[in-house]
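Peer 1: Dropping the sequence and predicted coords here.
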Amino acid sequence: MTDVLDYPATEQANKPVKPGIVDCDIHPSSSSFEEFKPFLSKRWWDHLNTYGMFVRQGFKEMLAFPRMQAEVSRLDAWPPSGGPPGSDLDFMRQQHLDPNGVEVGVLIPLRLNSGSQRNIDFGQALVGAVNDWQLEKFCRPEKRLRASIQIAPEDTPGSVAEIERRADDPHFVQILLPPRNGDPIGRERFWPIYEAAVAAKRPIALHVGGVAGHPVSGGTGWPSFYLEEHHSQVQTMQSVIISMVVEGVFERFPALKMVVIEAGFAWLPALAWRLDAQFERMRSEVPHLKRKPSEYIRDHIWFTTQPIEEPDRPDDLTRAMEWVGYDRLMFSTDYPHWDFDDPAHAIQVKLSDENRRKIFSGNAKKLFNLGQA
Amino acid sequence: MDTVTQQRVKARAGIFGHPAIDCDVHPAVPSVKTLMPYFDEYWREQFIARGIDRLNFVMTSQPPNAPITSRPDWRLPAGAKPGSDPAILGKHVLDAFGSSYAICNTIHGSLALHSDDMAAVFARAINDWLAKEWLDRDPRLRASIVIPLENPEFAVEEIERRAGDKRFVSVLMLVMGEQPLGRRTHWPIYKAAEKYGLPIVVHAGSTYRHAPTSIGWPSYFLEDYVNQSGAFESQLLSLVAEGVFSKFPGIKFVFAESGFCWLPAFMWRANKTWRGVRMEVPWVKQYPAEIIRAHVRFTIQPIDAPPEPGDLERIVEQIGSDDVLMFSTDYPHWQFDGTDALPKALTGSLARKVLWDNALATYSRLEVNA
Amino acid sequence: MSWHVVAKVGEIEPGTSKVVTVRGRELGVFNVKGDYYALANKCPHEGASLCKGRIIGLAESDEPGHYRLTRQGELLRCPWHGWEFDIRTGQSWCDPVRTKVKAYHVKVETGEEVEKLGDKSKGPYIAETFSVSVKDNYILVDV
């Protein structure tokens, strides 16, 4: 980049984005816990009000690292109706779905930290409520929106039951679990979830977050700043991929598909090279693996694009995309969060028409079986 | 360079056509018994009475028989720990690669002790032992100062104690410990290191104060090992975010056995995040990538190289500086076979910098004519 | 380029901005401690409407752990990714050489002057959306 940027460099490059895009990461929100009341039994509604959130960190309801913008959100995403960003469907339509040509939007509910509750029965009640709430508040009134089957993986049988309960509803396109749990997500105690995912013909989707109780930057201990916490999500996703591959999940479930959401993707090639090299050295420890780690990765894992890396030389991003594969990248905005990627500007490299179609809609339609949604 | 120096350098030129400095080799302490002469009476009595002299202090992050821990042809006879014989190390590393110098990074299990007092006693004994049994024996050897990792006051005492011996050229820390390395609790160590011109070597390994990943304890050693590079990424960001390099502008960090192919993507993400949230850390006044290029160095083994031709050259280009990579064999770890330690992507003047100049610029106490 | 009347003096309070559309371009006109500046209302990064961002000071530091805010009201932080821009120049604080919001010249004229010159075949001052009064002063932007 040698020219002074006074307008977005990509204004022409990837615009207009038509006919429509699939946005693989939209965050719905609620104005208050009251919205979940219709979907909770009295027992758990009372529990929520009496004891509330109970997760492995110092703060009950706020995030361990306060963000740089309220509600992690774009400043312009606060609806005039008064609730937090993502809580007003009409405003979401006006600000995002309509102007950005969103043909299908996949909801990623993060409210309530349901997947990370220490009381697993409570967690189970919450995921059920969040799943119902997505349908009633967003998907039924707005045909462009699809839901995720949120699960609380610490409760494996409960997760399987929740997946089975939602499997026949086409509104649900994927199974959403936090990457950070008490144990690495590839460990065998979680495998019934993957078996259920394969049976339900849904990919598992890991969106950054979850409260594991472990330092967010792993073996190095707790960092000080949000700047570090934000980046630590990348290392977490690397650990997730290492775990899924090396523990043998993909070897055991050849039909399992996995989506990595909101971690970017340019770091993947180096991770795969390192995995392959060290696997070669230590393969006697993991005789259950029949193929090179990079082969499992290429066959089983999809990546959403946001927050997309921005190297100085656009060509470096192109090379990373080539390596990850144009058939494995799915566009996402992260609306209404602050690190939102705008469909017209975010991918600052030239894409062929075919690759643009794949990234902005084709890959997601195929993976989620959206047909002519 | 004057002619005499040029001739000397030429005479020393190693197998790569340039003289070389090996920035990461691993002497092993054969046993606690070896160290007994270096403890005082109180600790000798303690170690005998408690049977500590018979403990092996093998680290979980370095299983002795795992393939990576020693190359088959670098293993020693009769079950001796790989890397525990100075004469053989001299032959395997310095002679075989024609390296002029090698820097010893001694990773010993005592680093994981929970008693700061005992950890400090071990660090002191190991450094005394290194000086006597290794540095005195082979003039080509240099060493990193072993310190008790979790007690900066004791660590500084140990650094002060070694500062007069120029053969100690750096300070050794591990990539996974109790707190991220940027945090201010570690700053007395950096202050002392800056004062004496000692770079901080951050080496792969863990004292397992925490699970090695943010998602918990993996099942396999392979997972732990691969995850080390993620820990290096976290430490790199910690050093930048906490402002270590604005507080101590004279200090250099060496990441050893870290890999480096992950560095470009890390820089892109770190730069991007900084632009958005730099208000949180206003002392960080440059792009993280620029700060890293100015202050952090990486030893080249393991490369974990891309298989496609041209990709490694591209990564070196993306790093954006010829100054950051430094030659290493990671002896006796099995990262490559034969003498294939220097990737073909590093050629010409870049090769010379990686083999020699960058180490000289980093290890300011390393006097090549000494 | 021509001068366009975009606001009456006094209409934009110090520390605030007004979004105006001139020749099809959306601009933000800012009052920084009594001086007026105009910037394109579009972030050069991903196109966010900059005027929805916060007008802030510059976070500075002499050493780690020391924080201070200077130049209060002189910077604009993008409502999306938080990039900071100098309202006076449009320059990005992190990347002043390569990243800039387009900045426009601004001046203040009396109503008398604006009316006088506006009569001459509508130029050089264009005030389509304003009825200019000789009693007031006006902010003009060169677009």
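Peer 2: It's in.
Peer 1: can you map out the helices along the chain?
Peer 2: As the question left the chain open, I've gone with chain A. According to DSSP state H, chain A carries its helices in the segments A:42-50, A:89-92, A:120-133, A:156-166, A:191-200, A:226-246, A:249-252, A:268-282, A:293-300, A:314-324, A:353-357, A:363-367.
Peer 1: Chain C was what I was after
Peer 2: With DSSP H as the definition, chain C shows helices at residue ranges C:111-119.
Peer 1: Around the residue in it that chain B sits nearest to, count how many other residues there are.
Peer 2: For chain C and chain B, the shortest gap (CB to the nearest CB) falls at residue C:64, measuring 3.1 Å. The C-beta positions use only the backbone N, C-alpha and C, and glycine is treated the same way. As a burial measure, residue C:64 scores 21 neighbours (other CB atoms under 10 Å in any protein chain shown).
Peer 1: Let me know which of the helices of chain A is tucked in deepest.
Peer 2: Between these, helix A:226-246 has the highest mean count of neighbours, a mean of 26, where neighbours are mean count of other CB atoms under 10 Å in any protein chain shown.
Peer 1: Quick one: residues contacting residue 315.
Peer 2: Just so you know, I chose chain A. Residues in contact with residue A:315, defined by CB atoms under 8 Å, 6 or more residues apart in numbering or on different chains, are residue A:349.
Peer 1: that's the other chain; I wanted chain B
Peer 2: Taking CB under 8 Å, 6+ apart as the definition of contact, the neighbours of residue B:315 are A:270, B:260-261, B:263-264, B:306.
Peer 1: Closest to the centroid, which residue in chain C?
Peer 2: Compute the mean C-alpha point of chain C, and by CA atoms, centre = their mean the closest residue is residue C:38, 2.4 Å away.
Peer 1: my guess is residue B:211 meets residue A:216, correct?
Peer 2: No. Between residue B:211 and residue A:216 there is no contact under CB atoms under 8 Å: 11.6 Å.
Peer 1: In chain B, which residue sits nearest chain C?
Peer 2: Of all residues in chain B, residue B:243 sits closest to chain C, at 3.1 Å by CB to the nearest CB.
Peer 1: isn't that residue right up against residue C:62?
Peer 2: No. Residue B:243 sits out of contact with residue C:62 when judged by CB under 8 Å, with a separation of 10.6 Å.
Peer 1: what about the two, which has more around it?
Peer 2: In this comparison of residue B:243 against residue C:62, neighbours counted by other CB under 10 Å, the higher total goes to residue B:243 at 23 against 11.
Peer 1: Skipping adjacent residues, who's closest to that one in space?
Peer 2: Of all residues not flanking residue B:243 in the chain, residue C:64 sits nearest, at 3.1 Å (CB to CB, 6 or more residues apart in numbering or on different chains).
Peer 1: ok, that neighbour - contacts?
Peer 2: By CB under 8 Å, 6+ apart, residue C:64 lies in contact with B:184, B:242-244, B:246-247, B:281, B:283.
Peer 1: Narrow these to just the buried residues.
Peer 2: With neighbours counted using 16 or more other CB atoms under 10 Å in any protein chain shown, the contacts of residue C:64 contain these buried positions: B:184, B:242-244, B:246-247, B:281, B:283.
Peer 1: Which residues are in contact with residue 141?
Peer 2: Because you didn't say which chain, this covers chain A. Counting by CB under 8 Å, 6+ apart, residue A:141 has contacts residue A:89.
Peer 1: meant chain C actually
Peer 2: Contacts were defined as CB under 8 Å, 6+ apart; by that measure residue C:141 touches C:3-4, C:6, C:20, C:22, C:27, C:29, C:38, C:104-106.
Peer 1: hey, what's it bridged with?
Peer 2: Assessed by DSSP bridges, residue C:141 has beta-bridge partners residue C:4, residue C:106.
Peer 1: any idea how far it is from residue A:121?
Peer 2: Distance check for residue C:141 against residue A:121: by CB to CB, to the nearest Å, it reads 63 Å.
Peer 1: what does residue C:36 give?
Peer 2: In this view, residue C:36 and residue A:121 are 61 Å apart by CB to CB.
Peer 1: if we can go back for a sec, what's the most distant pair in the contacts of residue C:141?
Peer 2: Farthest apart among the contacts of residue C:141 by CB to CB are C:20 and C:105. That separation is 14.4 Å.
Peer 1: now, which of the buried ones among the contacts of residue C:64 lie within helices?
Peer 2: Among those, the members found in helices (DSSP H) are B:244, B:246-247.
Peer 1: Kindly reformat those residues as JSON lines containing pLDDT.
Peer 2: Listed next are those as JSON lines, based on pLDDT from 0 to 100:
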{"residue": "B:244", "pLDDT": "98"}
{"residue": "B:246", "pLDDT": "96"}
{"residue": "B:247", "pLDDT": "98"}
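Peer 1: in the chain, which segments are predicted with low confidence?
Peer 2: All of this is about chain A. A:1-18, A:372-373 (pLDDT under 70).
Peer 1: Sorry, I should have been clearer: chain C.
Peer 2: Applying pLDDT under 70 to chain C flags the ranges C:117-130.
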